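> Sequence first, then the predicted structure, then my questions.
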Amino acid sequence: MKWLALCREPRLYSCERLKQACEAKGIELDILEPNKMSLKLVKQQNNVQCEVWYQAGDNPKNCQVPVEISDYQAVLPRFGTSSTEMGCRVIQHFEALGIPTLNTAQAIGLARDKWQSLQALAANHVPIPTSSLSGSLFEKKSAVQWHSSPVVIKTLVGSQGIGVMLSDNQPQAVNLLETFTQANIQALLQDFVPEAKGQDIRAFVIGNQVVAAMERSGAENDFRANLHQGGQAKKIELSQALQDLAVRAARVIGLDVAGVDLIRSADGFLVLEVNASPGLEGIEQATGVNIAKQMVEYLFAKKEKTF
């Protein structure tokens, strides 16, 4: 049996753990970069054939002859935000071939757009912080005045805490928004939640259950709790209500596997983000849970239902 993982860097912790979990189950896992792929729709007499081609090589000057890749029974998407567009198109190609994937292209695309995912959560009555998004011609001062200071500014695309800033006052927020507009970068505004005290909860959802959870605390003088920004993590047991909230958020976005970020507020817990490709290193080390194994087993069961 052979599966495909879509990832830019096979030496990442998450990819290595998934490869180990696959091998333990007798599955061969190829890890390939979606941006090195080419998709073909070949017209035939009575239908259209979907083909996927891969070109190995470290750079454009060292490219090998493209080869058609096939015979995969399942796909594990693990690509980052820089590969979202091509990665989702590759997944759609495999979906058209009837190959099961761990998260669909549609769900990943929704999760990777922070504003659209907030809209989906709000439409389904999932509690989120007060947020706003304005067009490039909307006066920045007017947009900022809808939020008290300090205010959180987030680019619509980003991960691991990158592109997330805390503006201490309105003039600073206006300047940041104007800079983003000039650079053609969209950003949303979000109320700062002081009750969180620089902490959040990452709930790792697989299917209809939370398989692990950790509480993250930001580095000194940093409101972000992301581990990639120097935060610390510890294992935490979630109440059934919080587990249900995390699972519901993942279901709204349409994800089989998700990292749901929750924060405390004066009005109860809020969903900050729903991540389509949550990292495994921090949460496996903090909780001791073999998440990679559970991901592989979930996709294996999904594959069995498909074929």
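Arrived safely, thanks for sending. Numbering: from 1, shown residues only.

> Kindly report the domain assignment for this structure.
Here the domain parsing of the chain from automatic domain parsing is 2-103+296-306, 111-127+195-288, 131-192.

> Mean confidence (pLDDT) on the shortest one, please.
If you average the pLDDT over domain 131-192, you get 89.

> Between the two ends of it, how far is it?
By C-alpha to C-alpha, to the nearest Å, the extent of domain 131-192 from end to end equals 10 Å.

> related to what we said a few turns ago, right, so the domains of the chain: which one is the most enclosed?
domain 111-127+195-288 (a mean of 19; mean count of other C-beta atoms under 10 Å). For glycine as for every other residue, the C-beta is placed from the backbone atoms N, C-alpha and C.

> what stretches of the stretch 151-300 of the chain score poorly on pLDDT?
Applying pLDDT under 70 to the stretch 151-300 of the chain flags residues 158-161, 218-230.

> Show me where it has its helices.
Along the stretch 151-300 of the chain, counting by DSSP state H, counting those that start in this stretch, helices occupy 170-182, 240-253, 281-287, 291-306.

> a markdown table for the ones you listed, including distance to residue 131?
Putting the helices of the stretch 151-300 of the chain into a markdown table (distance: least, C-beta to C-beta, whole Å) gives the following:
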| stretch | distance to residue 131 |
| --- | --- |
| helix 170-182 | 14 |
| helix 240-253 | 15 |
| helix 281-287 | 26 |
| helix 291-306 | 29 |
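
> Ok, which of those comes nearest residue 20?
Of all these, it is helix 291-306 that lies closest to residue 20, at 6.8 Å by C-beta to C-beta.

> same for that closest one, what does it pack against?
Judged by 3 or more C-beta pairs under 8 Å, 6 or more residues apart in numbering; DSSP states H and E, the packing partners of helix 291-306 are helix 13-24, strand 74-77, strand 199-206, strand 209-217, helix 281-287.

> Ok, which of these comes nearest residue 43?
Using C-beta to C-beta, the helices and strands packed on helix 291-306 put strand 74-77 closest to residue 43, at 24.6 Å.

> List phi and psi for the residue of the chain positioned farthest from its centre.
Largest separation from the mean C-alpha position in the chain: residue 45, at 39.6 Å (C-alpha atoms, centre = their mean). Dihedral pair for residue 45: phi -60, psi -50, per degrees, to the nearest 10.

> Enumerate every residue touching it.
Contacts for residue 45 (C-beta atoms under 8 Å, 6 or more residues apart in numbering) come out as none.

> Name the residues linked to the closest residue to residue 76 other than its chain neighbours by a beta bridge.
Using C-beta to C-beta, 6 or more residues apart in numbering and skipping residues adjacent in sequence, the residue nearest residue 76 is residue 5, 4.3 Å away. Note on residue 5: beta-bridge partners by DSSP bridges are residue 31, residue 76.

> pretty sure residue 5 is touching residue 16, no?
No: assessed by C-beta atoms under 8 Å, residue 5 is found out of contact with residue 16, at 10.5 Å.

> From residue 260, how far off is residue 280?
15 Å (C-beta to C-beta, to the nearest Å).

> Quick check, pLDDT for the residue nearest to residue 76.
Per-residue confidence at residue 5 stands at 97 (pLDDT).

> Over to the one 4 residues further on?
At residue 9, the predicted lDDT confidence score is 86.

> Now do the contacts for the closest residue to it other than its chain neighbours.
The shortest distance from residue 9 to any non-neighbouring residue, by C-beta to C-beta, 6+ apart, is to residue 15 (7.0 Å). With contact taken as C-beta under 8 Å, 6+ apart, residue 15 is in contact with 5, 7, 9, 31, 78.

> what about the strands in the stretch 101-250 of the chain?
For the stretch 101-250 of the chain, the strands defined by DSSP state E, counting those that start in this stretch cover 131-132, 151-155, 164-167, 187-191, 199-206, 209-217, 232-235.

> what helices or strands is the fourth one leaning on?
If I follow you right, that is strand 187-191. Secondary-structure packing of strand 187-191 (3+ C-beta pairs under 8 Å, 6+ apart): helix 114-123, strand 131-132, strand 151-155, helix 170-182.

> Quick one: closest of the ones you listed to residue 102.
Nearest to residue 102 among the helices and strands packed on strand 187-191 is helix 114-123; the distance by C-beta to C-beta comes to 18.3 Å.
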